[in-house]
Structures are given as structure tokens and as C-alpha cells.
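J.: just a sequence and a predicted model for now, questions to come.
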Amino acid sequence: MPITASDVYFNPANIYSKRSPIRAQVVALVIAATPTIALYAIVVNGWHRSRTDKRNHITVEWYDANNRMTRDHIV
């Protein structure tokens with residue numbers, strides 16, 4: 001079953017809390033990129049670039065039914 005907006009969490013919880021359009025965009029991107037086995041997702045880093053990934057991306061952790069996590073970048 002695909003995840004919905006209520007299955008996407010932010011850590012810290014206030015990431016983009018005062019910028020609703022950006023938060024909604026991030027949620028939509030996470031939902032679109034979610035692996036089929038994921039039950040929920042946590043956005044652990046908002047839009048940024050890093051040494052290992054020069055693209056502008058967000059970092060997301062997806063969790064399955066066994067609470068196993070997969071971390072990925074969404075561009």
C-alpha cells in the first residue's frame with residue numbers, strides 16, 4: 001500500500017513548518033519516490049548540497065514493516 005502525506009515525517013519536526021508550499025513539495029517528492037515496501041518516511045535533511053552529492057537534494061529515510069531503514073537522496 002503506498003504511503004500518504006500522513007506517513008511522511010520530518011526530523012526535526014519544524015523543517016519548513018513556516019514554509020508550507022516547500023513542505024508540501026517535499027512531501028509530494030517523497031511520496032513519488034517511495035519504495036514499494038516502505039510504510040513511512042522521515043525527511044532528515046531539507047534541501048542542501050553535500051561533499052558526496054553536489055546536486056541539490058533532500059535526505060530521506062524509509063522504513064519497512066520490520067523497521068529496517070533505507071536512506072536515499074531525492075533530487
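T.: That came through fine.
J.: flag every buried residue along the longest strand along the chain.
T.: When the chain is parsed with DSSP state E, its longest strand is strand 40-48. Neighbour-count burial for strand 40-48 flags Tyr40, Ala41, Ile42, Val43, Asn45, Gly46 (criterion: 16 or more other Cβ atoms under 10 Å). For every residue, glycine as well, the C-beta is placed using N, CA and C.
J.: what does it contact?
T.: Outside strand 40-48, the residues within contact range by Cβ atoms under 8 Å, 6 or more residues apart in numbering are 3, 7-11, 15-16, 22, 26, 30, 34, 56-63, 71.
J.: in strands, which of these appear?
T.: Within those, residues falling in strands by DSSP E are Val8, Tyr9, Phe10, His57, Ile58, Thr59, Val60, Glu61, Trp62, Tyr63, Arg71.
J.: Asp7 and Arg55, how far apart?
T.: 25 Å (Cβ to Cβ, to the nearest Å).
J.: next one: His73
T.: Counting by Cβ to Cβ - His73 and Arg55 are separated by 7 Å.
J.: and the two? Which one has more around it.
T.: His73 (16 against 10; other Cβ atoms under 10 Å).
J.: just the buried residues from the contacts of strand 40-48, in ChimeraX please.
T.: In ChimeraX, this line selects whichever of those come out buried by 16+ other Cβ under 10 Å:
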select :3,7,8,9,10,15,16,26,30,34,57,58,59,60,61,62,63
